[in-house]
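K.L.:
any chance you could fold what I've pasted below:
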Amino acid sequence: MIDTGFALAAICLIATIMLLSLYIGWAKQRMVDTPNERSAHVEATPTGGGLVFLSVWGAALAAAALLVPGQGSGALALGPAVLCLMWLGWLDDRTPLPASIRFAVQFGCAGLFLLLWPWPALPEGWTGPLALVALLYLVYSANITNFMDGIDGIVALQMLGFVVGAMLILPTNVLSLPLMLIGAAVLAFLLFNRPPAKLFMGDSGSAPLGLFVAAVTLAVAAANWRYGLALLLLQGVFLCDSAVTLLRRFLRRQNVTQAHSEHAYQHAKRRWGHARVSYALFALTMLVQLPVAHAVAWHILPFWIAAIDLVFVALLAVFFRAGTARTD
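P.N.:
Now for the predicted structure:
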């Protein structure tokens, strides 16, 4: 499986680079993100790159399901849900859709994953409540990843941090190839999205990646809750920034679903720029979150250390003014 997986990942990486190079030329004429008062960029930039790298990932995932024994369940559960959300994002990138349609499709994609993944048997009476929590987490992760996709490279780097962390922490399993392949596709995209970005992923990339991360976390947690907790720690930057921001906006009685630029990373970007913030957050994930996650997963540290770690990251978000109004 490893040799075939590396070969598919290499093909995925090269194919994504080639197709994104072609896509940028097309998108410059037809899919451009024009700056507005909330934007972190100042120049019109092609967008919608998520359609390309996730389509390549989907094709590679299908090939993995056919060529590698035992990979069918992961591909069947993850592929349809992620790719369906990708197409919703692509349509929204081209012509903004009503929030009701977006949420309906997001819940549908989340429910599709929950239906297709082979969950272990649960104690009587727990299926409904746990399914509801899982559904809300999937949709929440899709949306906060979309919200956090506001500066160059931030989502791609955090996604790579999650993939690397998951590959280092988890034993080889049915999710290893989907993780490896999406890591290759996102790495190829990062070559075009690193500061200063030549291409944005758009809603066709950010929301599906958020769904993917949550889906993998739930699937892992169902088999081993410590591994699932470890994967949750790898999402700490996005979870804590978004939670603090949403809470503060809610307490000020503001519309928490309305677009804004009050996240901690957005305040930090206005002071230090795209590159410093995106790479600093990547370093936080790799140098702090990953070691703690690994130690929690493998019983080196008690599980409650995870709560202390997330409180620490949340306090960092508070320090960098998450959820406070812009003063510039």
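K.L.:
from Leu19, how far out is Val56?
P.N.:
According to Cβ to Cβ, to the nearest Å, Val56 and Leu19 sit 6 Å apart. Bear in mind the C-beta positions are built from the backbone N, C-alpha and C, glycine included.
K.L.:
now do Asn173
P.N.:
Asn173 is 29 Å from Leu19, by Cβ to Cβ.
K.L.:
near Gly74, how many other residues are there?
P.N.:
As a burial measure, Gly74 scores 26 neighbours (other Cβ atoms under 10 Å).
K.L.:
also Ile300?
P.N.:
11.
K.L.:
again, but for the one 10 residues further on
P.N.:
The criterion is other Cβ under 10 Å. On that basis, Leu310 has 19 neighbouring residues.
K.L.:
out of everything not next to it in sequence, what's closest to it?
P.N.:
Closest residue to Leu310 apart from its sequence neighbours, by Cβ to Cβ, 6 or more residues apart in numbering: Gly236 at 5.7 Å.
K.L.:
residue contacts, that neighbour?
P.N.:
Taking Cβ atoms under 8 Å, 6 or more residues apart in numbering, we find Gly236 in contact with 285, 289, 309-310, 313.
K.L.:
now the two most distant members of those.
P.N.:
Thr285 and Leu310 (12.8 Å; Cβ to Cβ).
K.L.:
how close does Val174 get to Met159?
P.N.:
To Met159, Val174 is 20 Å away according to Cβ to Cβ.
K.L.:
who has more neighbours, the two?
P.N.:
Met159 (26 against 19).
K.L.:
in the host helix or strand of the more buried one, which residues are buried?
P.N.:
Element membership of Met159 [criterion: DSSP states H and E] is helix 154-169. Buried residues in helix 154-169, defined by neighbour count with 16 or more other Cβ atoms under 10 Å: 154-166, 169.
K.L.:
list just the nearest of these to Ala64.
P.N.:
Set against Ala64, the nearest of those by Cβ to Cβ is Val163 (15.2 Å).
K.L.:
right, and the closest one touches Leu177 too?
P.N.:
No. When contacts are counted by Cβ atoms under 8 Å, Val163 is not listed as touching Leu177 (11.7 Å).
K.L.:
helices of the stretch 101-250 of the chain, start to end?
P.N.:
Here the stretch 101-250 of the chain has its helices, by DSSP state H, counting those that start in this stretch, at 127-148, 154-169, 176-193, 203-223, 225-234, 236-251.
K.L.:
quick one, which of those helices is nearest to Leu88?
P.N.:
Taking Cβ to Cβ, helix 203-223 is the member of these nearest to Leu88, at 7.5 Å.
K.L.:
so which elements touch that closest one?
P.N.:
helix 50-67, helix 72-94, helix 99-116, helix 127-148, helix 154-169, helix 176-193, helix 225-234 (3 or more Cβ pairs under 8 Å, 6 or more residues apart in numbering; DSSP states H and E).
K.L.:
in the second one, which residues are buried?
P.N.:
Neighbour-count burial for helix 72-94, with 16+ other Cβ under 10 Å as criterion, is recorded at 74-93.
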